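# After the sequence you'll find the predicted model.
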Amino acid sequence: MSEQYTLRVNGADRPVQDAWVGESLLYVLRERLGLLAAKGACEQGECGSCSVLVDGEVVCSCLVLAASAVGQEITTVEGLAEPGAPTDVQQAYVDAGAVQCGFCTPGLIMATHALLERTAAPSELEIREALSGNVCRCTGYGRIIEAVQQVAARRGEAGR
Amino acid sequence: MSVVVADSLEQALDALAAAPHATVLAGGTDVMVELNLGHRRTDAVVAVARVPELCSWTYDARRATVRLGAAVRYAEIHADPLAAWLPALAQAGRTVGSPQIRAAATVGGNLATSSPAGDGITVLAALDATVHLVSSAGRRDVPVGQFTVGPKRNVLAPGELIEAITVPVARGWQGFSKVGVRNAMVIATANACLAVDEPAGSVALALGSVGPVILRCPEAEAIAAAQCDVAARRASPATVAAFAEAAMAAARPIDDHRSTAAYRRHAVRVMAGRLLRRAMPHE
Ligand SMILES: Cc1cc2nc3c(=O)[nH]c(=O)nc-3n(C[C@H](O)[C@H](O)[C@H](O)COP(=O)(O)OP(=O)(O)OC[C@H]3O[C@@H](n4cnc5c(N)ncnc54)[C@H](O)[C@@H]3O)c2cc1C
């Protein structure tokens, strides 16, 4: 049976047509809506590379049934900033050398934005716990943690 | 439409009455893995994660219980105020997957999956929680120890939902312990929950991932009740050793892709001993 529904993605209504009932949000974002930031790897919630925000919370889009996300605000990396105008989190990842192959980066960017929304000045342990659902096989995480700390420090200075 | 996103309990139950074999979807962290990997097919889904009655909880001060709606998520359980009333469930909840998983995973989904390694179930078993079931035909209550009947098997009938779980508020020290290959994102090789009931002078111990269902340890519990000074939080080294040994004897583990039976038995003895020592810090 095919499904018709409309998702609210990055502030816009996006109709989805002729979908199968069981399609994940990750699949619909990439294959039906052409939003390629969220990455598909494990398809079982283990790697975090498909992380997006649903109503402000970071979740694995591979574990969200797309048709059940009707009426919720979905945010992907494409919705954070325009090309060429990175967010402070994206810029810090570049500055700290926290991006190598880049596959895990969109998921980490979403998780970092969500962390810093809740906790403005996280400890290293809080950062490690908040990013524990995002697997990176290149960096060894040191520079990723530095990037998060840089954003927190810069925002702290700007706020003072 | 073949996906019903229910916004009331009544709507969810009506949809299930019309299609009793529809897939019930809460946080999706078990269901979606099965769908993505082709282990489950479905042509009808009833999504319950946004049903207000299932997403809420109530604290009953007189009875000293918390009634958790089935769709309360672990991210909420491991934060206050729930964590203050249900410390062991909060600890277990904080070990479930990762922040992404805990933002979606529900306590009712954990119970309904009925995995022998379900972290929350071990705590619910130690606390003798009550499971409230509902269908369009009516309601019934089942003690958590009778809810699960085998690996991934439980007493839910087609068209029936877990509505809520009533859990007694801590009446003494309680804690959860889990062994796995790493700290984050790991299904338990073995887990354990110990809960002291100070007014009753008793100690409960439940074990997960070491049997077809979550196991209680009546012999270890009897040793603790007879030999610990619960009010003074005192246990001799010999009592701790005997308790740990009895816990190990209660485990019925198997060799599988996650570990060996021998290692699991060892892990149970270590965890049970440590938990009792934390509960009874004086010798
Ligand atoms: C990466 C990853 C890591 C994980 N780590 C852990 C872990 O460390 N510990 C652990 O215990 N589990 C873990 N899990 C398993 C899973 O997250 C939990 O079992 C979770 O609590 C399931 O809840 P859910 O709401 O996502 O369930 P769903 O996937 O929505 O549903 C699970 C099952 O329960 C049924 N169901 C759901 N709600 C109800 C209801 N109200 N009434 C009747 N039936 C219902 C569904 O039909 C389905 O059969 C992990 C999963 C993933 C993907």
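It's in.
# and the residue of chain A found nearest chain B, how many neighbours does it have?
Closest to chain B within chain A is A:Gly133: 2.6 Å, counting by CB to the nearest CB. (Each C-beta comes from the backbone N, C-alpha and C, glycine too.) When neighbours are defined as other CB atoms under 10 Å in any protein chain shown, A:Gly133 has 26 of them.
# pLDDT score for the closest residue to it other than its chain neighbours?
Spatially, and ignoring its direct neighbours in sequence, A:Gly133 is nearest to B:Ser98 (2.6 Å; CB to CB, 6 or more residues apart in numbering or on different chains). With respect to pLDDT, B:Ser98 scores 97.
# before we move on, what about A:Ile74?
According to the model, A:Ile74 scores 98 on pLDDT.
# partners of it in the sheet?
Using DSSP bridges, the beta-bridge partners of A:Ile74 come out as A:Val9, A:Val54.
# Quick check, it in contact with A:Arg8.
Yes. Look at A:Ile74 against A:Arg8 with CB atoms under 8 Å: they come within range, at 6.3 Å.
# For those two, indicate the residue with more neighbours.
The neighbour comparison of A:Ile74 against A:Arg8 (other CB under 10 Å) goes to A:Ile74, with 26 against 16.
# what's the closest non-adjacent residue to residue 44?
In the absence of a named chain, chain A is used. In space, and not counting its chain neighbours, A:Gln44 is closest to B:Val33: 4.5 Å by CB to CB, 6+ apart.
# could you do chain B instead?
Per CB to CB, 6+ apart, closest to B:Ala44 is B:Ala22, 3.9 Å.
# ditto for B:Val230
B:Gly201 (4.8 Å).
# Touching, the one you found and B:Ala225? I think so.
Yes. In this structure, B:Gly201 is within contact of B:Ala225 by CB under 8 Å, at 6.4 Å.
# about what we covered before: around the residue nearest to B:Val230, how many other residues sit close by?
15.
# Got the phi and psi for it?
phi 70, psi 30 (degrees, to the nearest 10).
# what's the answer for the one 10 residues further on, then?
Phi and psi for B:Gly211, reported as degrees, to the nearest 10, are phi -180, psi 180.
# What's the local residue count around the residue nearest to B:Ala44?
Here the number of neighbours of B:Ala22 (other CB under 10 Å) works out to 21.
# so where's chain A uncertain?
Chain A contains residues with pLDDT under 70 at A:1-2, A:160.
# what's near enough to touch the closest residue to the ligand within chain B?
Relative to the ligand, the nearest point of chain B is B:Gly109 (2.2 Å; CB to the nearest ligand atom). Counting by CB atoms under 8 Å, 6 or more residues apart in numbering or on different chains, B:Gly109 touches B:26-27, B:29-31, B:70-71.
# which residues sit in contact with the residue most central in space within chain A?
Closest to where the C-alpha atoms of chain A average out (CA atoms, centre = their mean) is A:Met110, at 3.1 Å. By CB under 8 Å, 6+ apart, A:Met110 lies in contact with A:51-53, A:58, A:75-77.
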